[in-house]
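K.L.:
got a predicted model here, sequence first, then my questions.
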Amino acid sequence: MIEIAGLLVPILSLEYEYQAYLKLGRVEKAKILRRWLDSEQNYNHLI
């Protein structure tokens, strides 16, 4: 949970979202997330 303007807002990790999309059969959406998670740009952002 994160707090925004005094409200607690639930959040999910993108890895969790990726797994959920796979389980729901939303393979194209899962592929988009996987590409982003695996991208060099994302890797460099985390360093």
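P.N.:
Perfect, thanks for sending it.
K.L.:
rest of the way, CA atoms for contacts and neighbours
P.N.:
OK.
K.L.:
next, give phi and psi for Leu8.
P.N.:
With angles defined as degrees, to the nearest 10, Leu8 sits at phi -90, psi 120.
K.L.:
in contact with it, which residues?
P.N.:
1-2 (C-alpha atoms under 8 Å, 6 or more residues apart in numbering).
K.L.:
please redo it, this time with the cut-off set to 6 Å
P.N.:
Neighbouring residues of Leu8 by C-alpha atoms under 6 Å, 6 or more residues apart in numbering: Ile2.
K.L.:
which residue ranges of the chain form strands?
P.N.:
Along the chain, counting by DSSP state E, strands occupy 2-4, 7-9.
K.L.:
what about the last one, average pLDDT?
P.N.:
I take that to be strand 7-9. Strand 7-9 shows a mean pLDDT of 96.
K.L.:
how about a markdown table for the strands of the chain, with distance to Arg34 added?
P.N.:
What follows is the strands of the chain, written out as a markdown table (distance: least, C-alpha to C-alpha, whole Å):
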| stretch | distance to Arg34 |
| --- | --- |
| strand 2-4 | 24 |
| strand 7-9 | 24 |
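K.L.:
all good on my end, thank you.
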